[in-house]
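> requesting a structural model of the entry that follows:
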Amino acid sequence: MGKRKVLSESELKELVLPQQGELLGRVIKLPGGDHVVVKCTDGKVRICRIRGKMKRKMWVRENDVVLVVPWDFQDDKADIVWRYIGAHAQWLENNNYIPRE
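This next block holds a predicted model:
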């Protein structure tokens, strides 16, 4: 097995929309490690964890739009499963998936 190719943002063309049980959110701050504080579209502020598959492929920064999956057993925590590039975040704002800042 070889190494996986790390994709750059320009090579990502697909737009992932939220499915059942997933929420959109905007990164508020990065406390450290693989933890991120995210304000979700349902109004809650959650402490999110960056999944292992995403850790090395995509860097998460403040004000990024992310897709999160809340935990079943702790509602104030979630996993980040996707980070949107700038063009996709703009499209989500224009189509009222997330509120404008």
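
> which stretches in the chain count as helices?
Ranges of helices within the chain are 52-55, 86-94, based on DSSP state H.

> got the CA positions of the strand ranked longest in the chain in CSV?
In the chain, with assignment by DSSP state E, the single longest strand is strand 23-32. Coordinates of the C-alpha atoms in strand 23-32 are reproduced here as CSV (Å, rounded to 0.1, in the frame of the first residue of the first chain):
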residue,chain,number,x,y,z
LEU,A,23,-25.1,20.4,11.0
LEU,A,24,-23.2,23.3,9.4
GLY,A,25,-21.1,25.6,11.7
ARG,A,26,-18.5,28.3,11.7
VAL,A,27,-15.2,27.9,13.6
ILE,A,28,-14.9,30.4,16.5
LYS,A,29,-11.5,29.5,18.0
LEU,A,30,-8.9,26.8,18.1
PRO,A,31,-8.0,25.9,21.7
GLY,A,32,-5.3,23.4,20.7
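
> now for this protein, the helix or strand with the poorest mean pLDDT.
Every helix and strand of the chain was ranked by mean pLDDT, DSSP states H and E. The lowest is helix 52-55, at a mean of 72.

> which strands and helices sit next to that helix?
Helix 52-55 is packed against strand 77-83, with contacts defined by 3 or more CB pairs under 8 Å, 6 or more residues apart in numbering; DSSP states H and E. For the C-beta atoms, the positions are set from N, CA and C on the backbone; glycine is no exception.

> doesn't residue 29 make contact with residue 62?
Yes: the criterion here is CB atoms under 8 Å, and residue 62 meets it with residue 29 at 6.3 Å.

> quick check: the residue positioned nearest the centre of the chain vs residue 94, distance?
With the centre of the chain defined as its mean C-alpha position, the nearest residue by CA atoms, centre = their mean is residue 66, 2.0 Å away. Using CB to CB, to the nearest Å, residue 66 is found at 18 Å from residue 94.

> residue 47: neighbouring residues, count only.
Per other CB atoms under 10 Å, the neighbour tally for residue 47 reads 13.

> what residues are up against it?
If you count contacts by CB atoms under 8 Å, 6 or more residues apart in numbering, residue 47 has them with 31, 35, 36, 37, 38, 76, 77, 78.

> repeat that for residue 38.
Each residue near residue 38 by CB under 8 Å, 6+ apart is listed here: 25, 26, 27, 28, 45, 46, 47, 48, 66, 68, 78, 80.
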